[in-house]
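Visitor: With the input below, show me the fold.
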Amino acid sequence: MSNEIDSQDEKFELMLDQIKDLFFEFGIRNLNMDDISHKLGISKKTLYRFVNSKEDLLSQFFGYDQKRWIEAMETIASLEVNAIEKLFKVSLMVYEEMKRFNPMLLFELKKYYEPLFNEFNASRMAHISRSMTMNLEKGILEGLYRKDLNIEAVVAIYMNYLVEIHNAEVCKIANVTFDEIFRVMFENHIRAISTPEGVAYFENRKKEIIESLKNNN
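Guide: Presented below is the predicted three-dimensional model:
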């Protein structure tokens, strides 16, 4: 019986991966349950074996997405690299995920599914905050970040930067791309929080770090 349940869970998770791509491509309001089942190549009856409604589907989707997110963050945390390397990987993951959330999708979530979205967003932001706090503590111990940092303030400011760089109006006014803003933001952040040793490490790795960013686009 447990093998059957595991198989069903795995099948549903594969469906949720596909549904995520559908939401990013078409939005949420534009897709009803008929559309979703059709694009998944399954019957609506099969879809309703896993969820009770579209709201239930969104709730399950948010839960699964958060699970995948935590797994990815834990993978980064387990890497045998220093705080600067980890911060870049976490920042890039946050940036890439938020980059896919176009303004219309965010508008739909906030307007039509606000309680679900707020719960999901609060959980996601809290997890990012904890990860960045641990990163700052690690960097201080490694001698790469300054000891006099106000960790809570640094985390709040940096998270705000990660959100605001996706403001399309900023890019239009400055005539730059999201990726260019991200590169400058990350470098400025590292230079602001690092010791001379941290800055020197970043300078030695700067070219490769920037190349890895380009390769993710």
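Visitor: Spatially central residue in the chain, please.
Guide: Residue closest to the average C-alpha location in the chain (Cα atoms, centre = their mean): residue 94, at 3.4 Å.
Visitor: how much space is there between it and residue 73?
Guide: Residue 94 sits 10 Å away from residue 73, going by Cβ to Cβ, to the nearest Å. From N, CA and C alone the C-beta is placed, and that goes for glycine too.
Visitor: how much distance is there from the longest helix seen in the chain to the middle of the chain?
Guide: Taking DSSP state H as the criterion, the chain has its longest helix at helix 114-141. Relative to its chain's centre, helix 114-141 lies at 10 Å (Cα atoms, centre = their mean, to the nearest Å).
Visitor: Same check on stretch 90-101?
Guide: That offset, for stretch 90-101, works out to 4 Å (Cα atoms, centre = their mean).
Visitor: Give me the nearest residue to residue 97, chain neighbours excluded.
Guide: Once flanking residues are discounted, residue 97 sits nearest to residue 69: 7.7 Å by Cβ to Cβ, 6 or more residues apart in numbering.
Visitor: tell me which element the one you found falls in.
Guide: If you go by DSSP states H and E, residue 69 is part of helix 54-77.
Visitor: That helix packs against which elements?
Guide: Packed against helix 54-77 by the contact rule (3 or more Cβ pairs under 8 Å, 6 or more residues apart in numbering; DSSP states H and E) you find helix 2-26, helix 33-40, helix 83-100, helix 114-141.
Visitor: tell me which residues of the shortest one are tucked away?
Guide: So the one you mean is helix 33-40. 36, 37, 40 (16 or more other Cβ atoms under 10 Å).
Visitor: Surely the first one and residue 18 touch.
Guide: No - counting by Cβ atoms under 8 Å, residue 36 stays clear of residue 18, with 9.0 Å between them.
Visitor: For residue 111, see how far away residue 19 is.
Guide: Distance from residue 19 to residue 111, by Cβ to Cβ: 20 Å.
Visitor: out of the two, which sits in the more crowded spot?
Guide: Set side by side, residue 19 and residue 111 show more neighbours around residue 19, with 22 against 10, by other Cβ atoms under 10 Å.
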